[in-house]
Each structure stands twice: as C-alpha cells, then as structure tokens.
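K.L.:
Take this sequence and fold it.
(one chain, ligands or ions: 1)
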Amino acid sequence: MNNMQKILSFILVLSLAVLGWNCSSSEDKERQVIDFNNGWRFQLGDHPNAISADFDVSNWRELNLPHDWSIEGNFSEDHPTKPEGGALPAGIGWYRKAFRLPTEAKEQSIWIEFDGVYRNGEVWINGHRLGIRPNGYSSFKYDLSEYLNYGDNVNVLAVRVDNSQQPNSRWYTGSGIYRNVRLIRTGKVHVEHWGTYITTPEITDSSATVNMEVMVKNEGSNERKLTVRSTILDAEGIEVAQEEHALTLGKGGSADIMHHFTVPSPKLWSTEQPYLYKVVTQVFAGMQLMDDYQTPLGIRYFEFDAKKGFSLNGKPMKILGVCNHHDLGALGAAVNKRAIERRLEILKEMGVNAIRTAHNPPAPELLELCDEMGFIVQDEAFDVWKKKKVDADSHLFWDEWHRRDLEDLILRDRNHPSIMMWSIGNEIREQFDSTGISITKELVRIVKELDTTRVVTCALTENIPSKNFIYQSKALDLLGFNYKHKDHKNFPKWYPGEKLIATENMSALATRGHYDLPSDTIMRWPQSYDKPLETGNEDWTVSAYDQVSAYWGSTHEETWKSIKDQDFMAGLFVWTGFDYLGEPIPYPYPARSSYFGIVDLAGFPKDSYYMYKSEWASDTVLHVFPHWNWEEGQEVDVWVYYNQADEVELFLNGESLGTKSKEGDDLHVMWRVPYEPGTLRAVSRKDGKAILEKKVFTAGDAQKVTLAPDRKIIKADGKDLSFITVSICDMDGNMVPDANNMVNFEIQGEGKIMGVDNGYQASLEPFKANYRKAFNGKCLLIVQSTKDAGEISIRATSEHLQPGEVVLETVD
Ligand code: GAL
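P.N.:
Numbering: from 1, shown residues only. This next block holds a predicted model:
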C-alpha cells in the first residue's frame, strides 16, 4: 500500500468505528478518558462521616485538582514536617466529588485512576470502601462499575488523605490529591489498565521490529468474538504498520495477544531528535468498536559498556543529567504540565539530556514530556527499603506494599522511550548488611518479570566492594555511585567488567545573586551532617561563586572536571537541577528550601548554570558575573564562563584589564578587580575574531518595576500558566542587584494568581499571595488562565517605583 492508500484505509477503519459506535448497544462504546479534576469539595481535618452521600459538604471549600494543601500554609519551625520537610503543614484532609452518569453507562466498564495521592489515599464510592494506598507516589485505580448509580441518582466519591504521621520524608512531599485524576469509561470488552507493552528488539536502518503485547479483558455477560487491531502512526499521523489478531473471549475472560510489526526505515528517537510514533489499538466485536487505546512508541537502542560508557543508537554520548525532586516551587507538589515543561525547557537550554526522578515515581506528565523533548530518564522507585531513614517513612509499609509499588511503576512506565534505567533505590541502608543481597535480588527479579529492555541500577554510597551488599548481590546491570568522584579512577580496578554511572554528584550550594569574596577559597558546609553551621552568613545566603559544597560533595567544577574524560563512566546526575522545598542544608530555620539547585526555586538560573551550558550545550556562551554594584575600592572577583573561543578580554570603563584563556582543565577565567562604578565589558575571541560581547552595568537607584512573561499567549483551558519575571530596575532598565522591594500584584480578566516566589531559601512569605518581596532584584509571578478566552491584565506596583504592566492573551 502506498501512503495515500494507508491513509484512506485508516480513515475507513475510523469511520467504521464511528458507525459501529453509533449503532452499537450501550455496552459497546469506545474509551472515554474523562478529566476528573474539577468540582471537588475539600476540608482539612478528619471527617469519617463524609463517606456517606447524605453528609453535607456544602460548607466545604470548592476546588479543582491537582491540589496540595501544604503549599497553601504558612511556614513554621513547629510544623511536624520540620524544615527538612519544608516547614509547611501536613495533617489529614478529605475530598469529595459528586457526579452523575447516564443510564447507558450501566453497560460499560468504569474505573477511576489516581496518578498519586500523598499519602495514605483512601477511597470510597457511595459508601463502599475501595481501598487505601499508603505510598504517596504510586499511581492506582479502582473499578467502580458494581457500586455506581445511573440516571438521576448521584454518585459520591470520598477520599481521605492522611499525611499526619511525621516526619515521613527527607524532603517536601506536599499533601493531598496532588496529581491528576481520570474517570475511564470503556466497552465491557477493553484493553486492560496499563494493558500494553511495546519493545523494539531489532533496529536497523532499513527496518525495526516492534513487538507489542496487548492485554484484553471481557467483563461483559456474553462470549465475544473479537478483533484486536493495532496501527502504528508516525509523527504526522500516517499509518506505517498495522496488525490484527482475532480471538474469542468468554465471559470474564482475559488474554494477552502479541503483535509483531515491521516498521520500514524507522526514524529513531534521540535526545536531539525525539521522534515519536504512536500505536492506536482498537478492539472490535464484529464491526463494533469496543475500546481504543493509545501507546507511545519511540524506536531507539542504547548500550551501557564497562569501558566505553553509554551510547544511544550506536553513537557514544555522555549522560548529562540532573536529579530533581517533584515539587514545582511555589506551586508545591500540585502537578501542572506547563510548569514541568518550563523546568525541562530551562534544563534543555543548559545542555541537560537526562533526568533522575529522585527518589520516587514521578508524575506521568514528566515522562510524557521527557519522551517529547528528548530527555533520558532514570526512573527511581524507592529512597528506603525495610530500614528507615526517618521515623514514619515508607519502611512502615515495605513488607506489604513494596512488590505492588514496584510492579505498578514498571507497568505504568515501561512504554516510555525516554526511560532507559530503572533505579530500585537511593542510598539504601541495606547496602551495609547482608539483607541487601536478598532484597536486591528480589527487586531486580520483580523488574525483570515485567521489563528486560532497560538496565536496573541502584544509587550506592559504599564503594568498597566487599562492604557493599547490594553490589554483592551481583544482580544489578549498572552500578550507580553517589558522591564518589575522588574514587572513580579506581572503579575499573575495583569493579572489573562492571558498567558504571555517577548517579548523584556535587551537592554544591548557592543562593542566586549572592557573592562572598574572595571567590577562590573552597568551603565545605556543614562540617558534619548533624551539626549546625558555625560559620556562614547572617541572612542564610550562600555564595553563588562555585566555591561552596556539602562536605560529602564537591563544587560543580570539581566533579565535572573529574568525570568529563572518564570514558568508562556512562555519565552523571547533578544534585540538583532545581532548588526544592525542604532539606535546607547547611542552615537551620528559617532556611526551608534547598541550596543545591543549579536553578533557584523560582526558576532563575544561578551562575553555575552557565558553566554547564558552556560545557554541555552547543550554543556559544559568554557569561560574566557578579553584578557591578560594590563598595568603591573593594577587590571584586570577576568570573567568566565561555566556550567556542580561545580567549576573553575584560574591560572596565573602556580600559582593558587583560586577556585570559582557560589553562589545562580550567572551566572559568577570573580577574581580581578593584571596584569602580561603570561598565564591565567582556569580549570572547576565536582566532582573533570577536565571538560574543557581554556588558555588566552599575545599576542606579531603583526606579521601576518591569514584567517579562515567558509567554504572552497561553491556552484558555484553566490549566496553562504564564511565568512572569518581575525585576526592580533603574531608569535605564538595569536590574538593581540587591533590590528587595515589596511588589503588589493586581490582576484582571481571564486569569488568576497561582503563586509567587523569589528563590530566596529563607523567605517566610507565603507562596499563595498577591504580593512578594523581590530578592536580589527579582521575583516571580505565576498566572493561570481561566477557561474563557480573553485578556489578562497584570499590574505590579511598589512604593516609590514606577509600576509595571503587561497584558496576556488567552486563546481556545
Ligand atoms: C544525598 C541524598 C539526596 C540528598 C543529598 C543532599 O546523599 O541521596 O537525597 O539528601 O544527599 O546532599
């Protein structure tokens, strides 16, 4: 068939399907995936009677999911989450949603899917208890069909969320139904939940073999003769392969069927060109479409090699990754796809090509975006096994739940082409005793029963082979080590023949826009994990020259230098891409969020971002810092990160301060300059020719507020966001580097404020507010659209300053 014939045949299939839908009985409808996030009622505290439909919730708050009640609270040292957990409230909360279903839905299979509820999500439908899920990061579903009402009779879903047992995490978790919820309606014969599995065992230039397992179930009252038809569509929607499989399923029966496709001249998925196909699976009884189901497909192959490191599609490359926790700064843990996408855009621009989902199953949207944007993923299951790290962490339900939690992660995620590594744990205590051997073997077995196409790793800290019992299990495909940059060179000797990756590194510390002089002394803070910092700054800031790290880590430059030429290392993950809530090492309260990010909590890059960019990205980089507002005569260290040039010349007020080049393994050049106000100018040159020029001006007094949205046009879908950078500037538009003015926001039209932030790790201002102090010149306003297309007018005022204004457009 030529392409046109294929398109026609696909249109025919679809039209038949639609006809089938029209004339089918009501039990035979294709899948409806219904966004079930809107119209919930919520109340803090425990309300056991709320499981009953008669219980009056009219005075409960109305809200839409995803929702995180912790992020709405005020900071306090006394919250049982402690500063390590973000110093925000936790506790118990209840959600309720009432809904109706049409009478014809009686003949359908109906279930509800929760992507994640933190934690102990316990669900009732019409008073029937469906179950509880202790692990706050696991996705789960419940069949509802047998308990539902139809027609005029209302259904009531009630969800109790219990995050009261604290501390249960070493970082901020959020509380509530913080991920998406969907209601699924299908025909009684349907593809199972997470019911497909795609592998690509053979890939050449001319063809790819694609195998697909489809799990089909008959929940109807009769035996059915079925056809399962799966069609691979390319990125333009053109059919490239199709397979059909006929079967008969008795009442209550289920079957796994296999498709074997050949895709001619496959376009491969890579981090630079993440080409995606998709597979549409349709289940027919005769001509009637009973269900349809989509599975993403990326065709790629990869290899980890003990000597040569990592390669993707036969091309050697280094995994240049970051670890990230799941919170989205001012939005808390409440999932928003655009907020995740913005973070990934910022990281992509820096040259990051991989994400480690530290230390738990991520939101499905993160994985969809990694597929689409070209990030390799290390999907991580656990931070603890049987042995606890904090009192109420998941060790409490390990025995009962670990198999299910791990299986569900693999079943949910195994079709994402971006995932190339499964991690069964982070810095697990059992590596230090012999129980590590049997648990590792068990977990690896669980993974391999469901997927053998990725490597299984674990992030280890004990690097003496005889002392590491997870290693002793010999069950891992890839050894991951955290913070062992000083020992890497010995690894090929200590671990002969093993494949290696540096799963976690650096833990360098910085506050955006804050600089301590001199810049060339390296500091390790704190001196011991449990001891408070004896030195440090009174305002809980940390220098953003790359000079401070946790004592178990290194500066950004130290580890990157040691790893970049180690071919046997598949790559590395930096701790972390973004600052996150909780774990404010090295400071005590009021510090309440981490200092480890290359980018701050608000999404503003710190300076080391540009070191990575100069090394990892293909763009030309010239980054000059710090700001140029100091005391007259003070000696200031000027650092420059650059690439694609031989040298940089620095000028102060037109006078050359000399030309410098990186020597040996240098990653920056530095000038020590007696300060005088004016203009710093740097020029990078290659073969004597100017490549880039950058200027840093001494800013005058604060005069105005400026607003710079990341996008001026957003979707009118009630979800999309615009991230507006708010700067305090002098008359010429230079940001005032130490400005901390209070900014008030007024918003009108089809939008609302979702959050405010300024990236300052010790700010105790709330994230849900219409005001924010600038920190080191900047703050952030996050605006969300309503469902109506129109305009959003935003005005930012600050005492004595000229206000800033911007108008956004929201479109259908
Ligand atoms: C690691 C740990 C991370 C984080 C980090 C801070 O040991 O795996 O979760 O705590 O330290 O430096």
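
K.L.:
Could you measure from the residue lying closest to residue 473 once chain neighbours are set aside over to residue 432?
P.N.:
Closest residue to residue 473 apart from its sequence neighbours, by C-beta to C-beta, 6 or more residues apart in numbering: residue 440 at 3.8 Å. In this view, the C-beta of every residue, glycine as well, is placed from N, C-alpha and C. According to C-beta to C-beta, to the nearest Å, residue 440 stands 13 Å off from residue 432.

K.L.:
joint contacts of the two?
P.N.:
When contacts are counted by C-beta atoms under 8 Å, 6 or more residues apart in numbering, the set common to residue 440 and residue 432 consists of residue 469.

K.L.:
and these two? which has more neighbours close in?
P.N.:
residue 440 (26 against 15; other C-beta atoms under 10 Å).

K.L.:
Now do the buried residues in stretch 700-707.
P.N.:
702-707 (16 or more other C-beta atoms under 10 Å).

K.L.:
which among those residues gets closest to residue 314?
P.N.:
residue 707 (47.3 Å; C-beta to C-beta).

K.L.:
pretty sure that closest one contacts residue 723?
P.N.:
No - with contact defined as C-beta atoms under 8 Å, residue 707 does not count as touching residue 723 (11.0 Å).

K.L.:
Now the common contact residues for these two.
P.N.:
residue 781.

K.L.:
Give me the next element, helix or strand, following whichever strand or helix holds residue 129.
P.N.:
Secondary structure from DSSP states H and E places residue 129 in strand 128-133. Once the chain leaves strand 128-133, the next helix or strand it forms, by DSSP H and E, is strand 140-143.

K.L.:
so of the buried residues of stretch 700-707, which ones are in strands?
P.N.:
Among the buried residues of stretch 700-707, the residues falling in strands (DSSP state E) are 704-707.

K.L.:
mean confidence score for stretch 649-665?
P.N.:
Mean pLDDT, computed over stretch 649-665, is 98.

K.L.:
Distance check, residue 418 against residue 300.
P.N.:
Relative to residue 300, and taking C-beta to C-beta, residue 418 is found at 9 Å.

K.L.:
more crowded one of these two?
P.N.:
Set residue 418 next to residue 300 and count neighbours by other C-beta under 10 Å: residue 418 wins out with 27 against 20.

K.L.:
Specify the local secondary structure of the residue nearest to that one when sequence neighbours are not counted.
P.N.:
Excluding its sequence neighbours, the residue lying closest to residue 418 (C-beta to C-beta, 6+ apart) is residue 370, at 3.8 Å. Three-state call for residue 370 (DSSP: H, G, I helix; E, B strand; the rest coil): helix.

K.L.:
returning to what we had before: need the buried residues of stretch 700-707 in CSV with distance to the ligand and pLDDT, can you?
P.N.:
Converted to CSV, the buried residues of stretch 700-707 look like this (distance: C-beta to the nearest ligand atom, whole Å; pLDDT from 0 to 100):
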residue, distance to the ligand, pLDDT
702, 36, 98
703, 40, 98
704, 39, 98
705, 36, 98
706, 35, 98
707, 35, 98
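
K.L.:
Can you give me every residue that contacts whatever residue of the chain ends up closest to the ligand?
P.N.:
For the chain, the residue closest to the ligand is residue 507, as judged by C-beta to the nearest ligand atom, at 3.5 Å. By C-beta under 8 Å, 6+ apart, the contact set of residue 507 is 483, 549-550, 552-554, 575, 585, 596.

K.L.:
What about those, which are in strands?
P.N.:
Counting by DSSP E, the contacts of residue 507 place 549, 575 in strands.

K.L.:
Could you identify the most distant pair in the contacts of residue 507?
P.N.:
Maximum distance among those (C-beta to C-beta): 14.6 Å, for 554 and 585.

K.L.:
So between the two, which is more surrounded?
P.N.:
Neighbour count, other C-beta under 10 Å: between residue 554 and residue 585, residue 554 has more, with 23 against 19.

K.L.:
And that one, its phi and psi?
P.N.:
The phi/psi pair for residue 554 (degrees, to the nearest 10) reads phi -160, psi 170.

K.L.:
And it, what's its pLDDT?
P.N.:
If you check residue 554, the pLDDT there is 97.

K.L.:
The ligand contacts on the stretch 101-250 of the chain?
P.N.:
Residues of the stretch 101-250 of the chain lying close to the ligand by C-beta under 6 Å from any ligand atom are residue 170.

K.L.:
Residue 749 pairs with what?
P.N.:
Going by DSSP bridges, residue 749 is paired in beta bridges with residue 792.

K.L.:
I'd say it and residue 788 touch.
P.N.:
No - if you go by C-beta under 8 Å, residue 749 and residue 788 don't touch, sitting 9.2 Å apart.

K.L.:
quick one: which of the two has more around it?
P.N.:
When residue 749 and residue 788 are compared for neighbours, residue 749 comes out ahead with 17 against 12, by other C-beta under 10 Å.

K.L.:
and that one, what does it touch?
P.N.:
By C-beta under 8 Å, 6+ apart, the residues touching residue 749 are 790-793.

K.L.:
near the ligand, which residues of the protein?
P.N.:
Near the ligand, when you scan the chain using C-beta under 6 Å from any ligand atom, you find 170, 359, 426-427, 482, 504, 507, 550, 575, 583.

K.L.:
redo that, cut-off 8 Å
P.N.:
170-171, 323, 358-359, 383, 426-427, 459, 461, 482-483, 504, 507, 550, 552-553, 575, 583, 585, 594, 596 (C-beta under 8 Å from any ligand atom).

K.L.:
And for the chain, the residue most distant from the center?
P.N.:
residue 655 (46.0 Å; C-alpha atoms, centre = their mean).

K.L.:
residue contacts, that one?
P.N.:
By C-beta under 8 Å, 6+ apart, residue 655 has no neighbours at all.
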